[in-house]
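**Student:** Got a predicted model here, sequence first, then my questions.
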Amino acid sequence: MTFDLEVLRRWPDVEGPGLVAMDAADRLILDESDAARRGAADGEVAVIGDTHGALALGAAADGARRIRVHQDALTGERALAANARRFDDEELATAFTSLPLTADVVRGARVVLLRLPRALDALRDVAGLIAAHAAADVVVFAGGRIKHMSLTMTDVLRTHFDRVDVTHARQKSRVLVARGPHDGRNLEPRREMHDGLIVCAFGGAFAGTSIDIGTRLLLQHLPDVIPGVGTDAAIDLACGTGVVAATLALRHPVLRVYACDESAAAVASARATAQANGVATRVEVVQDDMLSMRTDASASFIALNPPFHSGSAVNEGLAPRMFADAARVLRPGGELWTVWNSAAQYRPALERLVGPTRQVARNAKFTVAASTRR
C-alpha cells in the first residue's frame, strides 16, 4: 500500500465522529520540517507528542530512519505500531523506536518534531529535556491547532532556546521553530502538600500537583472498610497522579493497591507520589489501557474518576468503556466507586454495565456512587 496520511486510524484508541488520527497541524509540522529532516542523518530525528503516528510515519516515509518516538498515551503508541503495520512495508515498520520520556529520546537529535502539549508544565519538561540533551544545532518544530496554542508557549520555549520563530498559519494550525538550546534540565516532578498528602506531578499529568474537586469529594467518602484487604489489591483505575492510590494505602496499612493509567506522565507521577508518601512497597503502578493486564474477577474494590476527553476532544464514550472493564475485573459482590461531573448522568450506564448503583455523596457539581457487581 502506498503511504498516505489519510489512511491512518486511531485504533486501538477511541474512534468515532470528530475523532481523527491526524490533522492539519501534523501536516504543517511535516512540511515546515521537511528540509531539516532531509538534512539529518539516521538517528538524528526525534518525535514527541505524536498522537497516532502521523509525524513518525510521515518522517519515515520521507526517508528518516532510527527515529526515536515518545507518546504519552499508551493507546497512541499502539496506534503508531498498528498504523505502521497497515502499509505492509518492513522499512516503514522498523524505522522508529518507541521510548519513555528520558534523555535517550532526544540525545544528540538535530531535528525534533513536537506536537505541542496543552499543559504548559508538559512543554517546560520537554523543552528543558531537549535543551539538555539534543545536539547544539537542534531545530525544534513545535506545532498545534491555533485554538489550543497561547503566547505563553513561545515564552516557555524562549526559556530554553535563543530563538523562537513563528510560522504563518495554515488551516487553523501554526508551528513554533526553536533554535539555540540553553539551560537544559532533566525531568523532576513538582511537589505539593495537601492535608498531609504529598502530591507529585510531572508535566502533563491531570490536575498537576493540585487535587481536583471531583477527586476531593471521592476521597472524603471512600469506605472505611475495603473488601479483600490482605487478600488482593484494591485498584485505582485512571489513577492520574496517584492521589487515591496513596490515600488508600495510607488509610489501610495492610492494603496493596494496583494503580494504572494510560498516560506515561501520570504513571511516573503516581510512582513519585507513592514514594514520597512512603507507600511505594504497597502501591504497584503500571501503564495500561484501562485494565487489560488484569484477569477477570480478580479484584473486590475499584475507585475511578473517569476522564471525559480523548486528546482535546470531549468524548462521553470513554467512561462506559471503563465501567465495562471494571465490571469484568470485579468479583461478584465487588464494588466500583466512581466520581463524575453530575451533568454526565453516568448512573444508568453503571446500573447496566456493573450492577445496582447507590449515590454516596453529591455536591453542587459532582456525584460519588458505589456500584455492586452482579
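**Tutor:** Perfect, thanks for sending it.

**Student:** any idea which residue sits dead centre in the chain?
**Tutor:** S263 (2.8 Å; Cα atoms, centre = their mean).

**Student:** List the contacts of the residue nearest to it when sequence neighbours are not counted.
**Tutor:** Sequence neighbours aside, D72 is the residue nearest to S263 in space, at 5.3 Å (criterion: Cβ to Cβ, 6 or more residues apart in numbering). Glycine gets a C-beta too; all of them are placed from N, C-alpha and C. Counting by Cβ atoms under 8 Å, 6 or more residues apart in numbering, D72 makes contact with G49, L101, P117, G204, S263, A264, A265.

**Student:** Kindly report the same for I235.
**Tutor:** V257, Y258, A259, C260, L291, R294, A299, F301, I302, A303, A326, V329.

**Student:** Quickly name whichever of those residues is closest to L80.
**Tutor:** Comparing the contacts of I235 against L80 with Cβ to Cβ places C260 closest, at 20.5 Å.

**Student:** I figured that closest one hits V283, correct?
**Tutor:** No. At 11.1 Å, C260 does not count as touching V283 under the criterion of Cβ atoms under 8 Å.

**Student:** And R374, how far from F301?
**Tutor:** 16 Å (Cβ to Cβ, to the nearest Å).

**Student:** More neighbours: which of the two?
**Tutor:** F301 (26 against 10; other Cβ atoms under 10 Å).

**Student:** helices or strands next to the one helix or strand the more buried one maps to in the packing?
**Tutor:** Assessed by DSSP states H and E, F301 sits inside strand 299-304. If you count contacts as 3 or more Cβ pairs under 8 Å, 6 or more residues apart in numbering; DSSP states H and E, strand 299-304 packs onto strand 233-237, helix 318-329, strand 330-341.

**Student:** Give me the domain ranges for the protein.
**Tutor:** Domain ranges of the chain: 5-181, 190-372, per automatic domain parsing.

**Student:** Could you export these to CSV, including columns for mean pLDDT?
**Tutor:** Formatted as CSV, those follow (pLDDT from 0 to 100):
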stretch, mean pLDDT
domain 5-181, 97
domain 190-372, 93
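
**Student:** helix, strand or coil for the residue lying closest to S173 once chain neighbours are set aside?
**Tutor:** In space, and not counting its chain neighbours, S173 is closest to A25: 4.0 Å by Cβ to Cβ, 6+ apart. Here A25 is helix, with the state taken from DSSP: H, G, I helix; E, B strand; the rest coil.

**Student:** Assess the claim that A25 and K147 are in contact.
**Tutor:** No. Using Cβ under 8 Å, A25 is not in contact with K147; the gap is 10.6 Å.

**Student:** Between those two, which is the more surrounded one?
**Tutor:** Per other Cβ under 10 Å, whichever of A25 and K147 has more neighbours is A25, with 25 against 8.

**Student:** for the more buried one, what are its contacts?
**Tutor:** A25 neighbours (Cβ under 8 Å, 6+ apart): R115, G143, G144, R145, S173, R174, V175.

**Student:** residues in contact with P307?
**Tutor:** P307 touches F206, A238, L318, A319, counting by Cβ under 8 Å, 6+ apart.

**Student:** Can I have the buried ones of those as a ChimeraX selection?
**Tutor:** Only the buried members of the contacts of P307 end up in this ChimeraX selection, burial being decided by 16 or more other Cβ atoms under 10 Å:
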select :206,238,318,319
